[in-house]
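*Asks:* Next one to model:
(one chain, ligands or ions: 1)
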Amino acid sequence: MKRIALITGATSGIGEATAKLFAKNDIDLIICGRRKEKLATLENELSSLVSVRTLVFDVGDKDAVTKSLQSLNGIWRDIDILVNNAGGAHGLELFVDGDVNDWERMIDYNVKGLLYVSKTIVPWMIERKKGQIINISSIAGKQTYAKGMVYCASKSGVEAISKGMRLELVPYGIRVCNIAPGAVETEFSVVRFKGDKNKAKSVYKNFKPLIAEDIADSIFYCVNVPSHVQIADMTIFPSAQSDATTIHRE
Ligand code: 8X3
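*Replies:* Below you'll find the model as predicted:
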């Protein structure tokens, strides 16, 4: 039976890698993001493999999220897999030096955005009594580190939401998986450091970081376990990493 997956933040990194892997494995796609051209390129690439719909919205914009998702009709509402991937880090500074706009952006995208998207889709899953939700958290959701307090708070919010969703959705046969990656080399650090590519590069220096495809593989694993199995939580580090702030560099 063919499945439909909706992926937020599909324009790059983990979201894009997941869309590609799902398409190769015959999962129809609703790809969502802010960058229209990037989504169009991805749609173009993947639509020879599966049916693809694109939705352009900013997850932080409540009305845009709801309006865009409500535009889905017919079988496109039969979403089997929701990958709540959109989000990111903005700034890495002591609390006293932090930019309030960065804090708001992280809470708006990482926490509120995930809630806005889920608010529309979860009721459709409840109606069908099936579904899988993959929430992309971070090791930062499990371990708070200096200069990352608000990012860590936003990701520990994701962890709480994953647990809460699981508590409430188990009776409907909906499985919720929280995935917490460590160091993955994507646009993550470029965004965190506001476009400073050298600074971003130095985060992954002298060890082998994860790449987006590594996390996509794990997501794919989680959505393919037998129906009586629920992977509740998965933490994924590169081999050189042992906690949020400890990385063995050569
Ligand atoms: C990404 C991992 O360690 O930079 O969420 O917080 S970390």
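*Asks:* From here on, just use CA atoms for contacts and neighbour counts.
*Replies:* OK.
*Asks:* what's the helix or strand for Asp217?
*Replies:* helix 212-222 (DSSP states H and E).
*Asks:* meant to ask about Thr120, not that
*Replies:* Judged by DSSP H and E, Thr120 forms part of helix 114-128.
*Asks:* Could you list the residues in contact with that helix?
*Replies:* For helix 114-128, contacts defined as C-alpha atoms under 8 Å, 6 or more residues apart in numbering pick out 59, 62, 65-66, 69-70, 77-80, 82, 84, 86, 131, 169, 172, 174.
*Asks:* Dump that helix to CSV, keeping only the CA atoms.
*Replies:* Extracted C-alpha coordinates of helix 114-128, given in CSV (Å, rounded to 0.1, in the frame of the first residue of the first chain):
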residue,chain,number,x,y,z
LEU,A,114,5.9,22.2,14.8
LEU,A,115,2.6,22.7,16.8
TYR,A,116,0.9,24.7,14.0
VAL,A,117,1.7,22.0,11.4
SER,A,118,0.6,19.2,13.7
LYS,A,119,-2.6,20.9,14.7
THR,A,120,-3.9,20.5,11.2
ILE,A,121,-2.5,17.1,10.4
VAL,A,122,-3.0,15.1,13.6
PRO,A,123,-6.8,15.3,13.5
TRP,A,124,-6.6,13.8,9.9
MET,A,125,-4.5,10.9,11.4
ILE,A,126,-6.9,10.5,14.3
GLU,A,127,-9.8,10.1,11.9
ARG,A,128,-7.9,7.4,9.9
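*Asks:* how far out from the middle of the chain is it?
*Replies:* 16 Å (C-alpha atoms, centre = their mean, to the nearest Å).
*Asks:* same check, this time on stretch 63-72
*Replies:* Taking C-alpha atoms, centre = their mean, one finds the center of stretch 63-72 at 18 Å from the center of the full chain.
*Asks:* Now the spatially most central residue of the chain. Its backbone dihedrals?
*Replies:* Ranked by distance to the mean C-alpha position of the chain (C-alpha atoms, centre = their mean), the top residue is Asn85 at 1.3 Å. Main-chain torsions, Asn85, degrees, to the nearest 10: phi -110, psi -20.
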